[in-house]
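[1] fold the stuff below for me.
(one chain, ligands or ions: 1)
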Amino acid sequence: MKVLVISGSPRIGGNSDVLCDQFIKGAKEGGHSAEKINLGKKKLSPCTACYACRNNGVCVQKDDMTEILEKLILADIIVLATPVYFYSMDAQMKMFIDRCLPRYREIKNKDFYFIITAADPQHEATDETMGGFRGYTRCLPYAKEKGIIYGNGAWEKGDILGLPAMQNAYEMGKNV
Ligand SMILES: Cc1cc2nc3c(=O)[nH]c(=O)nc-3n(C[C@H](O)[C@H](O)[C@H](O)COP(=O)(O)O)c2cc1C
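    As a prediction, this is how the structure comes out:
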């Protein structure tokens, strides 16, 4: 299986990014191929709603999203990771989701896993973020939600290291 992990935090090596690496470690040990894309390292701009892509499925913006869309379409398993920002997903992740517009119907039959980190220790703190993710997968043909890794109670970089989410991410990756 081909696993594609989209790490949405601008904090490279931060809590959700570390959980992405744990998931990848598990997936590789489980015999799968896995790749991580850090949105913070990519050249991406928001959707401008020009709707030019309606004609030909091609975005007028020539940036890294062209390549990311190709990888999404080829993946079997997609992992989306974001920190909670004001009880929602971060801007990088939302921008990525909106930029799927030209080809979202081709992102089909995928298994989805979600990684969410938050300072707030309650799982409910991720509800709105999960609502956003589900709004995305609802639009993709035959998307299946397979698992959520809750990285609650992690604020500073490194806080995640002692938390059960580390093991959960590794095991979920191994058992995809
Ligand atoms: C702009 C901003 C807004 C945040 N809003 C929330 C919030 O609403 N609730 C919360 O629990 N944590 C909030 N946090 C804390 C982050 O979710 C937390 O530090 C998380 O571990 C960051 O994950 P990362 O290291 O992967 O970036 C916020 C952090 C930032 C920078």
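[2] centre of the chain versus the biggest helix by length in the chain, how much separation?
    What stands out as the longest helix in the chain, according to DSSP state H, is helix 15-29. Taking C-alpha atoms, centre = their mean, to the nearest Å, one finds helix 15-29 lying 12 Å from the centre of the chain it belongs to.
[3] try stretch 37-50
    13 Å.
[4] ok, stretch 117-133 next?
    14 Å.
[5] related to what we said a few turns ago, does the longest helix of the chain reach the ligand?
    Yes. Using C-beta under 6 Å from any ligand atom, helix 15-29 reaches the ligand at Asn15, Ser16, Asp17. Bear in mind the C-beta positions are built from the backbone N, C-alpha and C, glycine included.
[6] got the buried residues for that helix?
    Of the residues in helix 15-29, Asn15, Ser16, Asp17, Val18, Leu19, Cys20, Asp21, Gln22, Phe23, Ile24, Gly26, Ala27 count as buried by neighbour count, 16 or more other C-beta atoms under 10 Å.
[7] pLDDT wise, what is the residue in the chain that the ligand sits nearest to at?
    Nearest residue of the chain to the ligand (C-beta to the nearest ligand atom) works out as Gly14 at 2.5 Å. Here, the pLDDT recorded for Gly14 equals 98.
[8] same check, this time on Ala143
    The predicted local confidence for Ala143 is 98.
[9] and for it, the neighbour number?
    18 (other C-beta atoms under 10 Å).
[10] so what's the closest residue to it other than its chain neighbours up against?
    Leaving out its chain neighbours, the residue that sits closest to Ala143 by C-beta to C-beta, 6 or more residues apart in numbering is Thr137, at 4.0 Å. Thr137 makes contacts with Phe112, Ala143, Glu145, as judged by C-beta atoms under 8 Å, 6 or more residues apart in numbering.
[11] okay, and the first one sits in which element?
    In the assignment (DSSP states H and E), Phe112 maps to strand 111-118.
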